[in-house]
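Quick one: sequence plus predicted model below, questions after.
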Amino acid sequence: MNQECQEGTTLDSLKCLLLDIAQQRSLNDLLWLIVRRLADRSTVVLARIWLIRPGDICSTCRFREECPDQTQCLHLVASAGRSSVEDKTEWKNTEGYFARFPLGVCKVGRIGKTGEQLVINEMENNLTWIAKPDWARQEGIQGFHGQPIIYKGETLGVLAVFERESVTDDATVWFRMIADHVAVAIANARAFEEIERLKAQLELENTFLKEEVLEAQNFGAIVGGSPAIANLVQQIELVAPTDATALISGESGTGKELVAREIHRRSQRKNHPLVRVNCASIPRELYESEFFGHAKGAFTGALKDRAGRFQAADGGTLFLDEVGEIPLEMQSKLLRVLQEGEYERVGEETTRKVNVRIIAATNRKLAQEVEAKRFRQDLYYRLNVFPIEVTPLRNRKEDIPLLASMFMAHVRKKLNCTGRELTQAEVLKLQNYHWPGNVRELQNIIERAVISSRCGSVKFDLPVPQANGVTLKKQIRKNGDSPGEILTDEDMRLRDRANLESALKQTDWKIYGTGGAAELLNIKPTTLLSRIKKMGIEKIH
């Protein structure tokens, strides 16, 4: 405060306070500046500001029985004053006897309820307005001034001042101006907080969705004219407008994520994010952090606060891909979020609320996993509200020509090259293959063929037509067939590869342990890994 303000009149000090208010950027600093500067005046005993906020201490509040509405009340946020008789005791505690006022109760509550100012002079004749009359007499209080803090017709709080002299009309005008400045500052602070919240939410969504953008295909609709696709689209149209949890099952590469995207796109949450979690790629010890986030210092390497996928998907959809890979110990915590919409970050005790729709996908038979005690039954029922089965490509081969043409056009556009359309012979070649990797394998093979052709005539390097799903140059004889048949070296190689692929597929690529492919083939896991690498077999997701 400058020298002129210190030496001036009461009105001069109020004018200077208005000038200083304009320099404040922090709402908290502003509130405390106002009460301190008002309390510095020799005539002021106590200056306080209450703001309307949600009810928070209803069980212990002394006004609980009188409170008409426990959803919100006046919270004391700033207090300054000094006793003239009790060893200069300062009143700056905001958690004391008058920390809360219900709206409509006592003089402060009345101002907050009605939005009308209250000025009381000659306090000796108006002690019914004072909660502690003995305190008023002891401190020599002669005037009370209460101003509602109003912004665009909404009452935000109350500014109250107890004085040792009567409140003048000029002072009332200046207090009204101070209350208006506080109202504008509160509105601005709330606007900035909302901007920061939206900015943080946008940054959070961008962080988790960047990988989705990179992985997203340029074609965004389900393609096909087969009865299987027609049935799939019908199921999507049924479940999309609801908030029901959907469980999409099917082999790897059939397009389960595309189905999830279509459900989200046609839902009421389409303007909110769709966040994907690949449950198979998360290390066991990081599941909880990945789902729910963590606080700084929660564990080694937690250098800063991190939001989880549930927070990123708040208001939108969370897609749990390969949900069958979630460890048992984590499934109970996931179940709690699905049932109650609540979770805690790792290293925090604060319970957070979240509004998320869950869509899960798996290439496992979850019912069998439940029977084997590898998946919680209650979680399975919670996820399997609306089951959707995606048909493998080999069972809807009539869709292959349309898919192939679309993939071909997409790849050629990306590579900026032209070429002839697919011939009937090439399409038949594609239709005669059994597609263990489904649509994703079809896309990859077409892209590889276009690249290999250098924008010329495309040739597909596929095994010849097969029988019973075994891709050999000719059907391999089973046990009991003619013992005199001689197989070529190529036949033997293809048979071994087909046998190994069948074992991996049957065990969902589980290599080690009981029920693994190595046990099924009766070989060492290291030997199996060596053969997989030698044969160039890759897992198709």
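That came through fine. Residues are numbered from 1 along each chain as shown.

ok, residue 290 touching residue 282?
Yes: taking contacts as CB atoms under 8 Å, residue 290 lies within contact range of residue 282: 5.1 Å. Any C-beta I mention is one placed from the backbone N, CA and C, and that applies to glycine too.

shared neighbours of the two, anything?
Taking CB atoms under 8 Å, 6 or more residues apart in numbering as the criterion, residue 290 and residue 282 do not both touch any residue.

Residue 341: what's it in contact with?
Contact analysis of residue 341 by CB under 8 Å, 6+ apart lists 353-356.

Which residue ranges of the stretch 351-500 of the chain form helices?
366-371, 377-383, 400-415, 424-431, 438-453, 489-506 (DSSP state H, counting those that start in this stretch).

Out of those, which gets nearest to residue 249?
If you check each of those against residue 249 by CB to CB, helix 366-371 wins as the nearest, at 7.4 Å.

Mind giving me the packing neighbours of the closest one?
Under the contact criterion of 3 or more CB pairs under 8 Å, 6 or more residues apart in numbering; DSSP states H and E, helix 366-371 touches helix 377-383.

for the helix it packs on, which positions count as buried?
Buried residues in helix 377-383, defined by neighbour count with 16 or more other CB atoms under 10 Å: 379-380, 382-383.

repeat for stretch 85-102
Across stretch 85-102, burial judged by 16+ other CB under 10 Å covers 91, 94, 98-102.

Of those, which is the nearest to residue 69?
Residue 69 lies nearest to residue 102 out of the buried residues of stretch 85-102, by CB to CB, at 7.4 Å.

Now that closest one: phi and psi?
Backbone geometry at residue 102, expressed as degrees, to the nearest 10, gives phi -70, psi 150.

Quick one: residues contacting the closest residue to it other than its chain neighbours.
Distance criterion CB to CB, 6 or more residues apart in numbering; nearest residue to residue 102, sequence neighbours excluded, is residue 67 at 3.8 Å. When the contact criterion is CB under 8 Å, 6+ apart, the partners of residue 67 are 55, 58, 61, 73, 102, 105.

Just give me the longest helix of this structure.
The longest helix of the chain (DSSP state H) is helix 169-215.

still on that earlier bit, may I see the helices of the stretch 351-500 of the chain organised as TSV, with mean pLDDT and distance to residue 16 added?
Listed next are these as TSV, based on pLDDT from 0 to 100; distance: least, CB to CB, whole Å:
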stretch	mean pLDDT	distance to residue 16
helix 366-371	92	71
helix 377-383	94	63
helix 400-415	86	68
helix 424-431	84	84
helix 438-453	87	72
helix 489-506	81	81
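
how about those helices, which one is nearest residue 518?
Of all these, it is helix 489-506 that lies closest to residue 518, at 8.7 Å by CB to CB.

Can you show me the helices along the stretch 201-350 of the chain?
Per DSSP H, counting those that start in this stretch, the stretch 201-350 of the chain carries helices over the ranges 227-239, 256-265, 287-292, 309-312, 328-340.

mind putting those helices in JSON lines, distance to residue 395 included?
Formatted as JSON lines, these follow (distance: least, CB to CB, whole Å):
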{"stretch": "helix 227-239", "distance to residue 395": "7"}
{"stretch": "helix 256-265", "distance to residue 395": "15"}
{"stretch": "helix 287-292", "distance to residue 395": "34"}
{"stretch": "helix 309-312", "distance to residue 395": "33"}
{"stretch": "helix 328-340", "distance to residue 395": "31"}
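
out of those helices, nearest to residue 440?
Using CB to CB, those put helix 256-265 closest to residue 440, at 10.1 Å.

Tell me which other helices or strands the closest one touches.
The contact analysis (3+ CB pairs under 8 Å, 6+ apart) places helix 256-265 against helix 227-239, strand 246-249, strand 274-278, strand 317-321, strand 357-362.

Buried residues of that helix, list them for me.
So, applying 16+ other CB under 10 Å, buried residues of helix 256-265: 256-264.

and if you look at stretch 36-49?
Result for stretch 36-49 [16+ other CB under 10 Å]: buried residues 36-41, 43-49.

swap in stretch 410-420?
Within stretch 410-420, the residues that count as buried by 16+ other CB under 10 Å are 410-412.
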